[in-house]
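Q: Next one to model:
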Amino acid sequence: MTNFHEQSSLDRHVKQTLENINTFIDGEGLKRKRLAKRLGMSESNFSDYLNGKRSNILDFSVKLAEVLGLEKNYFMNPRFDYQPVESDTRSTVFSSGALSKEGEEGLHQLLRVCEMIETYNMEDRPNA
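A: Got it, this is the predicted structure:
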């Protein structure tokens with residue numbers, strides 16, 4: 001049985017981990033819908049995790065870090081110090097390895113096309 005102080009410390013750690021995750025996602029300009037899909041969960045379930053409505057946040061943070069190619073404890077680091085990358089390099093977050101300048105531009109254009117397709121597909125759904 002955990003005592004009050006241990007539970008309070010765990011709660012602070014979970015809260016800080018969530019703040020780290022949200023800071024990273026916002027700073028990188030990542031699409032929550034794509035991340036949810038990569039994790040094999042619905043957008044609403046993913047959103048529940050980000051808003052602290054789910055209980056196994058630390059397990060979620062490990063899975064998210066793995067999907068993003070980061071160390072498993074990346075978001076749990078108590079000294080988490082996220083420094084946003086330049087906006088031109090955000091689109092390479094899901095790429096494998098370094099890209100040339102032309103490769104980065106091509107990937108950026110491809111992601112813009114994908115976002116347009118998602119937007120048009122959502123317009124076709126009456127309840128989207």
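Q: what about the residue nearest to the spatial centre of the chain, is that helix, strand or coil?
A: With distances taken as Cα atoms, centre = their mean, Ile25 lies nearest the centre of the chain, 4.5 Å away. The three-state assignment at Ile25 reads helix, by DSSP: H, G, I helix; E, B strand; the rest coil.
Q: With Ser55 instead?
A: Three-state secondary structure (criterion: three-state DSSP) places Ser55 in coil.
Q: What does the pLDDT read for it?
A: pLDDT, Ser55: 85.
Q: Please report phi then psi for it.
A: When read as degrees, to the nearest 10, the backbone of Ser55 gives phi -90, psi -30.
Q: Please report the distance of it from Arg32.
A: The gap separating Ser55 from Arg32 is 20 Å, by Cβ to Cβ, to the nearest Å. C-beta coordinates here come from the backbone N, C-alpha and C atoms, glycine included.
Q: Give me the distance between His13 and Leu58.
A: 8 Å.
Q: what touches both of those two?
A: Common neighbours of His13 and Leu58, using Cβ atoms under 8 Å, 6 or more residues apart in numbering, are Met76.
Q: on that earlier part again, I'd assumed Ser47 was in contact with the residue nearest to the centre of the chain.
A: No. Using Cβ atoms under 8 Å, Ile25 is not in contact with Ser47, being 11.2 Å away.
Q: May I have the residues that are in contact with Phe80?
A: By Cβ under 8 Å, 6+ apart, the residues touching Phe80 are 16, 20, 23, 74.
Q: SS state for it?
A: From three-state DSSP, the assignment for Phe80 is coil.
Q: Check the one 4 residues further on too.
A: Under the three-state scheme (three-state DSSP), Pro84 adopts coil.
Q: Do you know the pLDDT at Gly97?
A: Here the pLDDT value assigned to Gly97 is 53.
Q: what is in contact with Ile25 and Ser47 at once?
A: By Cβ under 8 Å, 6+ apart, the residues touching both Ile25 and Ser47 are Arg32.
Q: out of everything not next to it in sequence, what's closest to Gly38?
A: Actually, residue 38 is Arg rather than Gly. Spatial nearest neighbour of Arg38, excluding adjacent residues (Cβ to Cβ, 6 or more residues apart in numbering): Val67 at 4.9 Å.
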